[in-house]
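Q: Predicted coordinates and the sequence they were generated for:
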Amino acid sequence: TTNSELVVLADADEVSMVITPVNLHYTHSASPTEDPFLRGLMEGRLIAQRCPSCSKVYFPPRPACPTDGVPTTDQIELSDRGTITTFCVVNVPFLGQRIPPPYVSAYVLLDGADIPFLHLLLGIAPEDVRMGMRVEAVWKPREEWGPTMQNIDHFRPSGEPDAPFDSYSQHL
């Protein structure tokens, strides 16, 4: 076959499926909120925004606090360590998977942040992952960095004691 394949139903004039490679190229213009965040990532720094009204810290940053509707103008730098709040063991293979199942996708609440974000967790058997586990970022080699969260290849257990449930229970 070629790069495109046409599947036609037997004895019919209608096309049921077309299989073809698709390439989409996007140009993204960074907002004033995203600019410091993306520049920080290129330097290995995690820049968040704090709401001046309720003091909640958002990572990745948001232009306005979803609770108060107030612009989040205060920037703060966060550590690349955090706590697993919830997680999912991925057992089902799908097209484009980077690693074979099983593996863990986990919500990581960075130290000092008020919302967790989803990332890959490696370096531990899926059956040993637990809520409250302390983790640290594993960064790609610096020469591979760009303005992207993909600079963090994955998270791994940090070896610290688990965080008490009360420290992350409001972030599930």
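A: Right, received. Where do you want to start?
Q: Check the contact between Ala106 and Gly123; I expect there is one.
A: No. Using CB atoms under 8 Å, Ala106 makes no contact with Gly123, being 11.7 Å away. Just so you know, the C-beta spots here come from the backbone N, C-alpha and C atoms, and that holds for glycine as well.
Q: Am I right that Gln170 is in a helix?
A: Yes. The assignment for Gln170 (DSSP: H, G, I helix; E, B strand; the rest coil) places it in a helix.
Q: so how many other residues sit close to it?
A: The number of residues packed near Gln170 is 9, by other CB atoms under 10 Å.
Q: roughly how far apart are the spatially closest residue to Arg81 that is not a sequence neighbour and Asn151?
A: Distances taken as CB to CB, 6 or more residues apart in numbering put Glu136 closest to Arg81, at 4.8 Å, once the chain neighbours are dropped. Using CB to CB, to the nearest Å, we find Glu136 at a distance of 14 Å from Asn151.
Q: and what of Pro52?
A: Distance check for Pro52 against Asn151: by CB to CB, it reads 28 Å.
Q: out of these two, which sits in the busier spot?
A: When Pro52 is set against Asn151 and neighbours are counted by other CB under 10 Å, the residue ahead is Asn151, at 20 against 13.
Q: Count the neighbours of the closest residue to the more buried one other than its chain neighbours for me.
A: Of all residues beyond its chain neighbours, the one nearest Asn151 is Trp145 (4.7 Å), with distances taken as CB to CB, 6+ apart. Other residues within reach of Trp145, judged by other CB under 10 Å, total 16.
Q: Ramachandran angles for the closest residue to Arg98 other than its chain neighbours?
A: Nearest residue to Arg98 in three dimensions, chain neighbours excluded: Leu120, at 7.8 Å (CB to CB, 6+ apart). Dihedral angles phi and psi of Leu120 (degrees, to the nearest 10) take the values phi -80, psi 140.
Q: now swap in Asn151 and tell me
A: Asn151 has phi and psi values of phi -60, psi -30 when expressed as degrees, to the nearest 10.
Q: which residue ranges form the strands in the protein?
A: With DSSP state E, the ranges of strands along the chain come out as 5-8, 15-19, 46-50, 57-58, 74-78, 81-90, 103-110, 117-121, 134-139, 152-157.
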